[in-house]
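Enquirer: got a sequence here, can you build the structure:
(2 chains)
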Number of protein chains: 2
Amino acid sequence: MGTDESYAALALKVWKAQIERADKLFGGLSSAEVLREIAPGRNRALYLWGHLTAIHDAMLPLLGLRERFHPEFDAAFVSNPDKSRADIPSHEQVRQAWNTVNDELWEGFAKMSWSDWLQRHSAVSEEDFAKDTSRNRFAVLLSRTNHLSYHLGQAVLARK
Amino acid sequence: MGTDESYAALALKVWKAQIERADKLFGGLSSAEVLREIAPGRNRALYLWGHLTAIHDAMLPLLGLRERFHPEFDAAFVSNPDKSRADIPSHEQVRQAWNTVNDELWEGFAKMSWSDWLQRHSAVSEEDFAKDTSRNRFAVLLSRTNHLSYHLGQAVLARK
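Expert: You can find the predicted model right below:
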């Protein structure tokens, strides 16, 4: 294995480990537990799960893989705070969307070559990328992995 | 910039961003706030800060940089749960240790070549490393960055 491959493979391994941790944690919460606030007055576990689903869904176009599955998740879980809207996706809808989005990402990752990771992501213009090549797909992978870990640390508090 | 350099530089950039986020968050907590539980019955912010300091301190020998500064932090912040011991390091001692450890790590990172990151870490034997080369220093960097993000997501709850 060349060194480029080592770096990208390691980052994918860490991503996968966090996804599996999230599957286990969120998947193991009861319908009552997903509606429990992680701390008094804070977000509910369902909001965190939907939030992560929305952010991962947005990675699909960002990495040039495909259009989003659930752009409607943004109003429920990104642009508005928890408990501000009555009509958010249900526990079951979030679970299904989470699985769909992450399965699709993983399939997309498998098709990306090691050098693909160093290409620009779709939210940066060619001109801006020429000035700062660190705005690439590998940066998206690392930052979203850490974003996932950040909210996993919170979601674990919803468990008794 | 070669591709190896790009991967390692990006991972270091994400590490640095999380450290700065932690500096700002923990550094901004009052003496009363560090002793506040992040949620009822959960860890206090000071415990999380000490825990992260201990784990980062242990990265120094793990990456072959130097011996630990504060092995005594383990009993207070790793091997025993919060509120189980009366004699843990103070707010000021944790702050100083946090700064010392992370400054030293950053200096060490700067001296590491890109290929150094793919060498084995010190907790794996040469024999085991030959069987699984993913047990390297880059894996330590990625996993500890995510560990930091995980607890940052919790520590932010100590803020009013």
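Enquirer: only C-alpha atoms for contact and neighbour calcs from this point on.
Expert: Will do.
Enquirer: go through chain A and flag its longest helix.
Expert: helix A:3-27 (DSSP state H).
Enquirer: host element of residue A:86?
Expert: Secondary structure assignment for residue A:86, by DSSP states H and E: no helix or strand.
Enquirer: next up, the contacts around the residue nearest to the spatial centre of chain A.
Expert: The centroid of chain A falls nearest to residue A:56 when counting by CA atoms, centre = their mean (3.1 Å). Applying CA atoms under 8 Å, 6 or more residues apart in numbering or on different chains to residue A:56 gives the contacts A:101, A:102, A:144.
Enquirer: residues near the last one, how many?
Expert: In this case it means residue A:144. Residue A:144: 17 surrounding residues under other CA atoms under 10 Å in any protein chain shown.
Enquirer: point out where chain A drops to low pLDDT.
Expert: A:1-3 (pLDDT under 70).
Enquirer: ok, now with 50
Expert: Applying pLDDT under 50 to chain A picks out residues A:1.
Enquirer: next, the nearest residue to residue A:146 once chain neighbours are set aside: secondary structure please.
Expert: Spatially, and ignoring its direct neighbours in sequence, residue A:146 is nearest to residue B:146 (5.2 Å; CA to CA, 6 or more residues apart in numbering or on different chains). The three-state assignment at residue B:146 reads helix, by DSSP: H, G, I helix; E, B strand; the rest coil.
Enquirer: my read: residue B:146 touches residue A:145, true?
Expert: Yes. Residue B:146 is in contact with residue A:145 according to CA atoms under 8 Å; the separation is 7.3 Å.
Enquirer: give me the contacts around stretch A:42-55.
Expert: So stretch A:42-55 is in contact with A:26, A:33-38, A:70-71, A:73-74, A:76-78, A:82, A:91, A:94, A:97-98, A:101, A:148, A:151, A:155, A:158, going by CA under 8 Å, 6+ apart.
Enquirer: sorry, wrong one. I was asking about stretch A:23-36.
Expert: Residues external to stretch A:23-36 that are found in contact with it (CA under 8 Å, 6+ apart): A:44, A:45, A:46, A:49, A:91, A:95, A:155, A:156, A:158, A:159.
Enquirer: and if you look at stretch A:104-122?
Expert: A:4-5, A:8, A:59-65, A:126, A:129, A:133-138, A:140, B:3, B:6.
Enquirer: how long is it end to end?
Expert: 18 Å (CA to CA, to the nearest Å).
Enquirer: go through that stretch and flag the buried ones.
Expert: A:104, A:105, A:109, A:114, A:117, A:118, A:119, A:120, A:121, A:122 (16 or more other CA atoms under 10 Å in any protein chain shown).
Enquirer: got it, and stretch A:28-40?
Expert: A:29, A:33, A:34, A:35, A:36, A:37, A:38, A:39.
Enquirer: out of those residues, flag the one nearest to chain B.
Expert: residue A:39 (5.0 Å; CA to the nearest CA).
Enquirer: which one is the closest one nearest to, not counting chain neighbours?
Expert: residue B:39 (5.0 Å).
Enquirer: what residues are up against the one you found?
Expert: A:38, A:39, A:40, A:157, B:157, B:158.
Enquirer: out of those residues, which one sits closest to residue B:87?
Expert: Closest to residue B:87 out of the contacts of residue B:39 is residue B:158 (21.8 Å), distances taken as CA to CA.
Enquirer: if we can go back for a sec, show only the entries of the contacts of residue B:39 found in helices.
Expert: Those of the contacts of residue B:39 lying in helices (DSSP H): none at all.
Enquirer: now for these, which pair is the farthest apart?
Expert: A:157 and B:158 (13.3 Å).
Enquirer: just the buried residues of the helix or strand containing residue A:59, please?
Expert: Following DSSP H and E, one finds residue A:59 within helix A:45-62. Across helix A:45-62, burial judged by 16+ other CA under 10 Å covers A:45-60, A:62.
Enquirer: likewise for stretch A:11-21?
Expert: Under 16+ other CA under 10 Å, the buried positions of stretch A:11-21 are A:11, A:12, A:14, A:15, A:18, A:19.
Enquirer: cool, stretch A:4-13 as well?
Expert: Applying 16+ other CA under 10 Å to stretch A:4-13 flags A:4, A:6, A:7, A:8, A:10, A:11, A:12 as buried.
Enquirer: how much space separates the second one from chain B?
Expert: Same thing as residue A:6. Per CA to the nearest CA, to the nearest Å, residue A:6 is found 7 Å from chain B.
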